[in-house]
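1. Got a sequence here, can you build the structure:
(chains A, B, C and D)
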Amino acid sequence: MKLVYFAWVRERIGHAEEEIDLPDEIVTVADLLAWLAGRGEGYEIALKHASAIRVAINQEHVAHDARIEGAREIALFPPMTGG
Amino acid sequence: MKLVYFAWVRERIGHAEEEIDLPDEIVTVADLLAWLAGRGEGYEIALKHASAIRVAINQEHVAHDARIEGAREIALFPPMTGG
Amino acid sequence: MSAPIDPAVRIQREDFDLAKESTALCAGRSDVGALVTFSGLCRDEAGTLAALELEHYPGMAEAEIRRIARQAAERWPLNALTVIHRYGKIRPGENIVLVLAASRHRQAAFDAAAFIMDFLKTRAPFWKKEHHADGSEGGWVEARDVDDEATQRWHKSPPPDR
Amino acid sequence: MSAPIDPAVRIQREDFDLAKESTALCAGRSDVGALVTFSGLCRDEAGTLAALELEHYPGMAEAEIRRIARQAAERWPLNALTVIHRYGKIRPGENIVLVLAASRHRQAAFDAAAFIMDFLKTRAPFWKKEHHADGSEGGWVEARDVDDEATQRWHKSPPPDR
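-> Coordinates of the predicted model:
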């Protein structure tokens, strides 16, 4: 599965994207965020306030209780500031 | 006193402006409209539905109960349709 | 809040240019975050309309639009404000009215432009007469109740200044 | 009511031109009665800002703005709708975003443009980083609660279709 990061999530994690094989017990977005936070200091800092992290699956916004089954691309990013 | 007319008020009365000496008993805009309506057929048709007539004194909108004392120019016209 | 800006108001027969006006409005300044423009155009009414003839009350037209524009400038924090209204014969597809409102924030710019259009519709002394495409003279356009109602909403509760 | 129009959406690094876009939008048609444009510009923040760096999520940025624009086209009777959003380095006074909404009636054009900007602010995947005029790198611009609140108003009660 492809993970992509933007803005300060990208900066703190230290790279813009990666391919990851997820353990079977990762079912929801919330599971994914908690699991990623344990992957190292950059991830921990980036995802410390998990509720602030916005998530898109296959380029559509999803809530943290969304299931990630079938996702090809999951994006993590801060609240948006366009416009 | 100068009276000016616009749009279908002007067309029905038959001219765009005139100088008029008002009798002393004409105190309010409503008095003026009633008095004018008695000046001939064009006026009568133009001012038949007096409540539809909008009035400006010295180029500012006024209500029908406004006093006309001090007016230099009184304009009568239909509801506006600009914009 | 700084003093309200002085709106630019023009009543003219000739056409205006949205690009030129918006460039002039923002020229040499970089404190504008939001520019809202409203262009009112003459519709062809499914081909039945040849032209609108716009009559106006010279002097009062400018004075009244200036009063409306100043109210907007007092109510919202604007960087700049321009209102242009044409008179005379206007054909389908041509411009009738232009409002440009610039502010630091988008809601002020949107609200000021909408406010001006609502009041302009019901208070600016202009009247439209229709000329039909088949050569016959149409009547005077009637005022719409919905326009009166639109002005009412600004009396109810002032929107929050965002 | 006829079928909703198909909005034009562009995500681009280069600048855009309000005049060109509005001319293109209205070209060859005379059923447009109202054209509302919104330009979002980069402010200089009293001289402290050198530039904004706009990061975006390629693909999703266009898809999400298209979703927002289509919602607007379904909700209001529009003749035409264009949304353009830039990315990359943008200096004070330069354009960031442009919305053009054309309709027969002004309220639909105003509401559609405001709706799009409210949702674009909170849902389109763009992020702004500040570069300070003194050469230091500023932080990422924080999302504002007021923008979230602005989107809420569209859920409460749909405005009457005027």
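
2. What degree of burial does residue 75 show, as a neighbour count?
-> By default, I'm working from chain A. By the criterion of other Cβ atoms under 10 Å in any protein chain shown, residue A:75 has 25 neighbours. Bear in mind the C-beta positions are built from the backbone N, C-alpha and C, glycine included.

3. please go with chain C instead
-> Residue C:75 has 17 nearby residues by other Cβ under 10 Å.

4. pretty sure it contacts residue C:116?
-> No: Residue C:75 lies out of contact with residue C:116 (Cβ atoms under 8 Å); the separation is 10.4 Å.

5. If we ignore the residues flanking it in sequence, what's nearest the closest residue to chain B within chain A?
-> Among all residues of chain A, residue A:83 sits closest to chain B, at 28.4 Å; criterion: Cβ to the nearest Cβ. Nearest in space to residue A:83, with sequence neighbours left out and distances taken as Cβ to Cβ, 6 or more residues apart in numbering or on different chains, is residue D:121 at 4.1 Å.

6. Which other helices and strands does the helix or strand residue C:112 falls within contact?
-> Per DSSP states H and E: residue C:112 is located in helix C:106-123. Contacts defined by 3 or more Cβ pairs under 8 Å, 6 or more residues apart in numbering or on different chains; DSSP states H and E place helix C:106-123 against strand C:34-41, helix C:60-75, strand C:78-86, strand C:95-103, helix C:145-156, strand D:34-41, helix D:106-123.

7. Go through these and find the least confident stretch.
-> Mean pLDDT per stretch puts helix C:145-156 lowest among the helices and strands packed on helix C:106-123, at a mean of 88.

8. Can you name every helix or strand that that helix contacts?
-> Packed next to helix C:145-156, using 3+ Cβ pairs under 8 Å, 6+ apart, are helix C:106-123.

9. what are the pairing partners of the helix or strand following the helix it packs on, and which direction each?
-> As assigned by DSSP H and E, the chain's next helix or strand after helix C:106-123 is strand C:126-132. If you go by DSSP bridges, strand C:126-132 pairs up with strand C:49-56 (antiparallel), strand C:137-140 (antiparallel).

10. Residue C:25 and residue C:99 touch, don't they?
-> No: look at residue C:25 against residue C:99 with Cβ under 8 Å: they stay out of range, at 11.0 Å.

11. Show me which of the two is the more surrounded one.
-> Using other Cβ under 10 Å, the more surrounded residue of residue C:25 and residue C:99 is residue C:99, with 29 against 19.

12. Give the full set of residues in contact with the more buried one.
-> By Cβ atoms under 8 Å, 6 or more residues apart in numbering or on different chains, the contact list for residue C:99 reads C:36-38, C:81-83, C:113, C:116-117, C:120.

13. now do 6 Å
-> C:38, C:83, C:113, C:116 (Cβ atoms under 6 Å, 6 or more residues apart in numbering or on different chains).

14. Ramachandran coordinates for the residue in chain C positioned nearest to chain D?
-> Using Cβ to the nearest Cβ, the closest approach of chain C to chain D is made by residue C:19 at 3.0 Å. For residue C:19, the backbone dihedrals (degrees, to the nearest 10) come out as phi -60, psi -50.

15. measure the nearest residue to it once chain neighbours are set aside to residue C:21 for me?
-> Of all residues not flanking residue C:19 in the chain, residue D:19 sits nearest, at 3.0 Å (Cβ to Cβ, 6+ apart). As judged by Cβ to Cβ, to the nearest Å, residue D:19 and residue C:21 stand 10 Å apart.

16. Tell me which of those two has more neighbours.
-> A direct count of neighbours by other Cβ under 10 Å for residue D:19 and residue C:21 places residue C:21 higher, at 19 against 14.

17. Dihedrals phi and psi, that one?
-> With angles defined as degrees, to the nearest 10, residue C:21 sits at phi -70, psi -40.

18. That one and residue C:82: what is the separation?
-> Distance, residue C:21 to residue C:82, by Cβ to Cβ: 6 Å.

19. Give me the common contacts of the two.
-> Jointly contacting residue C:21 and residue C:82 under the rule Cβ under 6 Å, 6+ apart are residue C:100.

20. residues contacting residue A:58?
-> Applying Cβ under 6 Å, 6+ apart, the residues near residue A:58 are A:72-73.

21. between the contacts of residue C:99, which has the most around it?
-> residue C:113 (30 neighbours).

22. what about that one, distance to residue D:83?
-> Distance from residue C:113 to residue D:83, by Cβ to Cβ: 18 Å.

23. Where does chain A get nearest to chain D, which residue?
-> Chain D sits closest to residue A:82 of chain A, with a gap of 2.7 Å, by Cβ to the nearest Cβ.

24. hang on, isn't that residue packed against residue D:125?
-> No: contact criterion Cβ atoms under 6 Å: residue A:82 and residue D:125 do not qualify, at 7.3 Å.

25. what's around residue A:65, how many residues?
-> Around residue A:65 there are 10 residues (other Cβ under 10 Å).

26. Tell me the pLDDT of residue C:161.
-> Looking at residue C:161, its pLDDT reads 50.

27. before we move on, back to that, the residue nearest to residue A:83 is in contact with residue D:147, isn't it?
-> Yes: the criterion here is Cβ under 6 Å, and residue D:121 meets it with residue D:147 at 4.5 Å.

28. Show the contacting residues for residue A:64.
-> Contacts of residue A:64 (Cβ under 6 Å, 6+ apart): A:29-30.

29. doesn't it fall inside a helix?
-> No: the assignment for residue A:64, made by DSSP: H, G, I helix; E, B strand; the rest coil, is coil rather than a helix.

30. gap between it and residue A:33?
-> Going from residue A:64 to residue A:33 by Cβ to Cβ gives 7 Å.

31. same question, residue C:43
-> Residue C:43 sits 53 Å away from residue A:33, going by Cβ to Cβ.

32. residues touching residue A:41, list them.
-> Per Cβ under 6 Å, 6+ apart, neighbours of residue A:41: none.

33. got it, and residue C:53?
-> Residue C:53 sits next to C:89, C:129 when contact means Cβ under 6 Å, 6+ apart.

34. could you redo the last one with a cut-off of 10 Å?
-> If a contact means Cβ atoms under 10 Å, 6 or more residues apart in numbering or on different chains, then residue C:53 has C:87-90, C:127-131, C:137-138, C:140 as its contacts.

35. quick one: which of the residues you listed is most hemmed in?
-> Counting neighbours by other Cβ under 10 Å, residue C:127 comes out on top of the contacts of residue C:53 with 25 neighbours.

36. List the beta-bridge partners for it.
-> For residue C:127, the beta-bridge partners are residue C:55 (DSSP bridges).

37. now the one 10 residues further on
-> Residue C:137 has these beta-bridge partners by DSSP bridges: residue C:131.

38. my guess is it contacts residue C:130, does it?
-> Yes: the pair residue C:137 / residue C:130 is scored as a contact, 7.9 Å apart, by Cβ atoms under 10 Å.

39. residues touching the closest residue to chain C within chain A, list them.
-> Nearest residue of chain A to chain C (Cβ to the nearest Cβ) works out as residue A:83 at 7.9 Å. Residue A:83 is in contact with C:34, C:106, D:38, D:40, D:65, D:85, D:96-97, D:99, D:116-124, D:126, D:128, D:147, counting by Cβ under 10 Å, 6+ apart.
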